[in-house]
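Participant: missing the sequence, but the structure's below:
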């Protein structure tokens, strides 16, 4: 198995994702719902990575290297239009983390992303969205004290510190809250039903 070539391919998927995101940031199109071009890219990346995973298993640090392992996680994290794929990867990631073959915080972010998409509380507070006051805030968490304990256990900062970082980044990128919060929320819920996150 040519793991170097596979690692290169996974990193290319991540780079394509970042390039498109940068372009959307520059054009101030990032906060306007799920961009159609971005959704297509995320779905295509997920399909390619799924084929890789079916061939080699989860791309771990010991098979594809730390950089490609991180790139694979990012592709999975962004494959929100593929619920089955994300859940499959979460199970695989859980297994490899016990052997220290991937970063524990990768699973924390993926677990939270799936929870938010299913309308459940987060365990680590890694997922943020615009609130009704036009502020980027963590999506609902189960228990703030426990969240910060879990974050600390895997080497993450506190949720309060992370909130400041996320808001500063959004400001630096000139991201703006949605003009109509309720409309955006409704569109998000409709999209979640279409792709199969909720009924």
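Facilitator: Yep, that arrived. Just so we're clear, the structure is a prediction, and the values are computed from it rather than from any experiment.

Participant: pretty sure residue 137 is in a helix, no?
Facilitator: No - according to DSSP: H, G, I helix; E, B strand; the rest coil, residue 137 belongs to no helix; its state is strand.

Participant: OK, contacts around it?
Facilitator: 128-131, 163 (Cβ atoms under 8 Å, 6 or more residues apart in numbering). C-beta here means a position set from N, CA and C on the backbone, and glycine is covered the same way.

Participant: go with 6 Å
Facilitator: Applying Cβ atoms under 6 Å, 6 or more residues apart in numbering to residue 137 gives the contacts residue 131.

Participant: per-residue confidence for the residue nearest in space to the middle of the chain?
Facilitator: Closest to where the C-alpha atoms of the chain average out (Cα atoms, centre = their mean) is residue 77, at 3.1 Å. Looking at residue 77, its pLDDT reads 98.

Participant: repeat for the one 5 residues further on
Facilitator: At residue 82 the predicted local confidence, pLDDT, stands at 97.

Participant: give me the element the residue nearest to it when sequence neighbours are not counted is part of.
Facilitator: Take residue 82 and drop its neighbours on the chain: the residue closest to it by Cβ to Cβ, 6 or more residues apart in numbering is residue 46, 4.6 Å away. Per DSSP states H and E: residue 46 is located in helix 36-56.

Participant: how about that helix: buried residues?
Facilitator: Buried residues in helix 36-56, counted by 16 or more other Cβ atoms under 10 Å: 38-39, 41-43, 45-46, 49-50, 52-53.

Participant: could you do stretch 148-161 as well?
Facilitator: Buried residues in stretch 148-161 (16+ other Cβ under 10 Å): 148, 150-151, 156, 159.

Participant: work out the gap between it and the centre of the chain.
Facilitator: 18 Å (Cα atoms, centre = their mean, to the nearest Å).

Participant: alright, I will stop here.
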